[in-house]
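[1] how would this look folded up:
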Amino acid sequence: MTAGGTSTATTVAIGGHDDPRVHAPAKCFALIGNPNTGKTTLFNRLCGLRAKTANFPGSTVEARIGTLAHHHRTLHVVDLPGMYGLHLDRPESRICKRYLEGTVDFGEVPDGILIVIDATNVQRNLVLAAQALSVGKPAVVALNMIDLADRRGIKVDDAQLSQRLGCPVVRICARSGVGVHELLQRMELAGSASPANSFPDTGDVKTITAWARDVSSACVTTDKSAETRAERTTDRVDGVLTHPIWGMGVFLLVMMALFYVIFTVASFPMDMIEYLFTKLGTGVDSLMMWTDSVTGWGMSGGAIHDLLIDGVIGGVAGTLVFLPQICLLFFLISLLEDTGYLARAAFLMDRLLRKFGLPGQAFVPLLSGHACAIPAMMSTRLIADHRDRLATILVIPFMSCSARLPVYVLLISMLFEGKPWLAGLAFVGCYALGAIAALLTAKMLRKSILKGPKPAMVLELPTYKWPSLRTALLTTYDRAMMFLRKAGTVIMCICIIMWWLGAYPKTSQPPAEAVQMREQAETIAQSDAAKADELRDEADRLEARWQKRNSFAGMLGRGVEPAIKPIGMDWQLGVGVMSSFAAREVFASTMSVLLAGSEDTEDSAVVQRIKSATRDDGSRLFTTRTAASVLVFYVLAMQCLATLAVTRRETGSWWWALLQLIYMTVVAYCASWITYVGLGWFGAT
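    Numbers count the residues shown, from 1 in each chain. Down below sits the predicted model:
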């Protein structure tokens, strides 16, 4: 329930069914404002969960569309991206200007404009307000953050401002809901006439800035003593948070806390999701067995059974397991942004990252990429410049995500068994190698295909304030639903395809060795049941390996063997590489099934069988050179089709996703070859 209205898609009747007000046509308002004006908070206050996010046609510029009912009219609100002007040479400015003028079809044609102005900084906000009003549509101005303005001794004459702008001005506090009821009334009654007042040339910066200064001088008065106290407090805090040394220390602590929450706290709901889907798979398996016993359909153990259990349920689980990290990341980022700290962090990191062609805002996505590349890519919407954002998206997968950890553990344990210090250094080296590759790649991209002007970081340091929990929760919900609707469907399809490649064609004849073991087990079952069980388990292991070898994935593994042989891999590792395209962590379980006949990579006996596995010629599979080569490959390779799906979603083109896949694969292959050959030069086996 919002102040003055309900967040619902249906109108609310006040009179009987014949009340003409009930059938009043719906109105659509474009919500526009500078960054950090509380525009998103107002949108959430008005529309709540009745909102969806969509991209403008042919662009990556997105807007949120919400619906609410107030008294006798349905109101649609389109929350446009925050910007400083409609005439700036930026994608969001161009798209929004065309949308307000009616030349871009976004489904909802704006009947009016709702302009949000920060009451603590009226002069700066008036530039965009004048440009929006010059479009000629009916408008209402929401003078937001009046509570903060009062504390800072800033008084705005809303009547005078309304006269100057030629449209209603309503004092509100979006966080608490004060004034929102009156704002809705003004929106409902907004006529069809254009604003009465004319404005100077809104495309000329000097002219419109001078006009904004004059209007602000006439409408805003300031208690200098109160403003000075507020500014003094802000300056003290900024003196610490933006300091090259102390600020960096605070920044590292904040980012470590953010990283810790994403990396560890999310593991609990992730484990719960995996547990629930495991139980669901077991339940479906039991249900199908019961159905077979009743109907005799023979579904259990057949193709439909495998598709449901391993394909569909496994694919959905592989999609939903990312959700806790995505939700936590966006919840925490929203809180940090709302407090005003995120802008300070971007300012602090800009000098370092600028040397590699990235802006300061890229640091949070790069850091959160250590948890998962998918939410990290989605968080790049914080970056304003299109080239900067694209470069950040393309290099995020180089950061060592949590999905790589099972691979690192398996391979590093082979390389440094019984040497914990060296193993720890190897882990650090993996993370460092990925980060260095990301930064160097970003520098190369910004000097080649993404070459262009590097805009100076024009960054407003917003006022400190308590974050809005409501806004953070709604932002989290919105991003989670977007992930499930868009990327989730693609990810699930990919998982099903990869399952099918590993499961088919079914082998008609088991290996002769497995047949002999089963026959021997039947012979000694009565006299030595334990030995018989061991033989059956070993037969199962051989059959699982045989099935993998003769599956489509196995065929692909043998097909790519000539290409991967120079970096120390054979067809078995080729199968592991192909299978792990569904998700990197699949490599460990694939190797377990293929080489040890079990998915339990925690079993020491299974791990030992993997370490002692052999090639077709009888030589040891995981030599020092091979283990190191594979480790370097997984540090640098893409190996995650889910990430590719999100790259396509965030960039709007499969071209960038394919470029990312090809480039990272080439880099990983070359680095692996250098590792394999280099260790050979130093005498490693």
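[2] ok, Lys137 - contacts?
    Contact analysis of Lys137 by CB atoms under 8 Å, 6 or more residues apart in numbering lists Leu100, Pro110, Asp111, Gly112, Ile113, Ser194. C-beta: built from backbone N, CA, C; applies to glycine.
[3] quick check: which element contains it?
    For Lys137, there is no enclosing helix or strand under DSSP states H and E.
[4] that one and Ile32: what is the separation?
    11 Å (CB to CB, to the nearest Å).
[5] so what sits against both of those two?
    Leu100, Ile113.
[6] now, which of the contacts of Lys137 sits nearest Val321?
    When these are compared for distance to Val321 (CB to CB), Pro110 wins out at 40.0 Å.
[7] secondary structure element holding Ala532?
    helix 529-550.
[8] CA atoms of that helix as PDB?
    In PDB, the C-alpha atoms belonging to helix 529-550 read as follows (Å, rounded to 0.1, in the frame of the first residue of the first chain):
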ATOM      1  CA  ALA A 529      29.000 -60.700  -0.100                       C
ATOM      2  CA  ALA A 530      31.400 -57.800   0.700                       C
ATOM      3  CA  LYS A 531      33.800 -58.900  -2.100                       C
ATOM      4  CA  ALA A 532      30.800 -59.200  -4.500                       C
ATOM      5  CA  ASP A 533      29.700 -55.700  -3.700                       C
ATOM      6  CA  GLU A 534      33.200 -54.400  -4.400                       C
ATOM      7  CA  LEU A 535      33.200 -56.200  -7.800                       C
ATOM      8  CA  ARG A 536      29.800 -54.700  -8.700                       C
ATOM      9  CA  ASP A 537      31.000 -51.200  -7.700                       C
ATOM     10  CA  GLU A 538      34.100 -51.600  -9.800                       C
ATOM     11  CA  ALA A 539      31.900 -52.800 -12.700                       C
ATOM     12  CA  ASP A 540      29.700 -49.800 -12.300                       C
ATOM     13  CA  ARG A 541      32.700 -47.600 -12.400                       C
ATOM     14  CA  LEU A 542      34.000 -49.200 -15.600                       C
ATOM     15  CA  GLU A 543      30.600 -49.000 -17.300                       C
ATOM     16  CA  ALA A 544      30.300 -45.300 -16.300                       C
ATOM     17  CA  ARG A 545      33.700 -44.600 -17.900                       C
ATOM     18  CA  TRP A 546      32.800 -46.600 -20.900                       C
ATOM     19  CA  GLN A 547      29.500 -44.700 -21.300                       C
ATOM     20  CA  LYS A 548      31.300 -41.400 -21.100                       C
ATOM     21  CA  ARG A 549      34.000 -42.500 -23.600                       C
ATOM     22  CA  ASN A 550      31.400 -43.500 -26.200                       C
END
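[9] which strands and helices sit next to that helix?
    helix 512-524, helix 571-579 (3 or more CB pairs under 8 Å, 6 or more residues apart in numbering; DSSP states H and E).
[10] most packed of those helices?
    Comparing those by mean neighbour count (mean count of other CB atoms under 10 Å), helix 571-579 comes out on top with a mean of 25.
[11] mean confidence for that helix?
    Averaging pLDDT along helix 571-579 gives 83.
[12] give me the contact list for that helix.
    Defining contact as CB under 8 Å, 6+ apart, one finds that helix 571-579 is touched by 498, 501-502, 548-549, 553-554, 556-561, 564, 569, 586-587, 590-591, 594-595, 613, 615-616, 621, 626, 630, 633, 639.
[13] do stretch 330-345 as well
    With contact meaning CB under 8 Å, 6+ apart, stretch 330-345 is reached by 36, 238, 241-242, 247, 251, 254-255, 258, 261-262, 360, 363-364, 375, 378-379, 382, 459-469, 471-473, 475-476, 479-480.
[14] just the buried ones out of these, please.
    36, 238, 241-242, 247, 251, 254-255, 258, 261-262, 360, 363-364, 375, 378-379, 382, 459, 461-464, 467-468, 471-473, 475-476, 479-480 (16 or more other CB atoms under 10 Å).
[15] strands - which of these land there?
    Judged by DSSP state E, the buried ones among the contacts of stretch 330-345 include no members of strands.
[16] just the ones of those in helices?
    238, 241, 247, 251, 254-255, 258, 363-364, 375, 378, 471-473, 475-476, 479-480 (DSSP state H).
[17] redo the helices and strands packed on helix 529-550 as a markdown table? Include distance to Trp211.
    Converted to a markdown table, the helices and strands packed on helix 529-550 look like this (distance: least, CB to CB, whole Å):
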| stretch | distance to Trp211 |
| --- | --- |
| helix 512-524 | 85 |
| helix 571-579 | 63 |
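[18] between these, which gets nearest to Cys493?
    Of all the helices and strands packed on helix 529-550, helix 571-579 sits nearest to Cys493, with 16.1 Å by CB to CB.
[19] report the angle between that closest one and helix 529-550.
    Orientation check (axes from the mean of the first three to the mean of the last three CA atoms, to 10 degrees): helix 571-579 against helix 529-550 gives 70 degrees.
[20] how far off centre is helix 571-579?
    Counting by CA atoms, centre = their mean, to the nearest Å, helix 571-579 is centred 28 Å from the centre of its parent chain.
[21] between helix 512-524 and the helix holding Ala532, find me the angle.
    Going by the same axes, to 10 degrees, helix 529-550 makes 160 degrees with helix 512-524.
[22] give the rounded mean pLDDT of helix 529-550.
    Taken as a whole, helix 529-550 carries a mean pLDDT of 82.
[23] contact partners of the helix or strand following that helix?
    The C-terminal neighbour of helix 529-550 among helices and strands, as given by DSSP H and E, is helix 552-564. For helix 552-564, contacts defined as CB under 8 Å, 6+ apart pick out 498, 500-502, 504-505, 548, 569-575, 577-579.
[24] of all the contacts of Lys137, which comes closest to Asp285?
    Pro110 (53.5 Å).
[25] quick one: closest of the helices and strands packed on helix 529-550 to Cys173.
    Smallest distance to Cys173 across the helices and strands packed on helix 529-550 (CB to CB): 54.6 Å, for helix 571-579.
[26] give me the angle between the closest one and helix 552-564.
    Computed with the same axes, to 10 degrees, the direction of helix 571-579 lies at 110 degrees from that of helix 552-564.
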